[in-house]
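Undergrad: dropping a prediction and its sequence here:
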Amino acid sequence: MRLSLLRWAANVSSQRSLRFADSIGNNSYGQMPGLTVYLTHVKWITGKNQLEHYFSRYGPIMSVNMFFDAETGLHRGFASVTFKNKESANKAIEQRPHVIDGDIVDLEPYVPEISVRKKDVTL
């Protein structure tokens with residue numbers, strides 16, 4: 001029992017380290033601090049190509065990611081746009097508000113989550 005608990009603790013610790021490493025750099029969605037903007041209130045009829053076309057006026061784009069609900073297959077109303085340079089991302093942020101498909105889309109700079117490590121617990 002004690003050995004399996006220690007294995008579990010080691011596994012949790014290594015997973016946290018991997019998440020922390022992902023959170024401070026490029027993550028699995030290609031989001032990078034300074035280059036990526038995060039969009040909310042995206043209408044369900046708005047598509048990836050439409051977002052890419054709209055935001056390309058601010059500069060070259062590396063990627064557009066839309067996040068979908070696994071059960072329904074519909075996108076969840078938020079997305080991210082990663083630009084090739086910081087100037088383009090800053091320009092998009094400065095020129096708010098953005099109206100896409102007749103609705104105001106909120107735009108914020110991408111800020112990675114950094115988990116706070118709690119004190120180690122001795123068992």
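TA: Alright, I've got the coordinates. Note that the coordinates shown come from a computational prediction; the quantities given were computed from them, not determined experimentally.

Undergrad: Ala89 touches Met32, doesn't it?
TA: No: contact criterion C-beta atoms under 8 Å: Ala89 and Met32 do not qualify, at 9.4 Å. The C-beta positions use only the backbone N, C-alpha and C, and glycine is treated the same way.

Undergrad: run through the helices of this structure in chain order.
TA: For the chain, applying DSSP state H gives helices covering 2-24, 48-55, 86-94.

Undergrad: and the contacts of the last one?
TA: By C-beta atoms under 8 Å, 6 or more residues apart in numbering, the residues outside helix 86-94 that reach it are 34-37, 55, 58-61, 81, 83, 98, 107-109.

Undergrad: what is the orientation angle of that helix with helix 48-55?
TA: Relative orientation of helix 86-94 versus helix 48-55 (axes from the mean of the first three to the mean of the last three C-alpha atoms, to 10 degrees): 90 degrees.

Undergrad: what comes up buried for helix 86-94?
TA: Within helix 86-94, the residues that count as buried by 16 or more other C-beta atoms under 10 Å are 88-90, 92.
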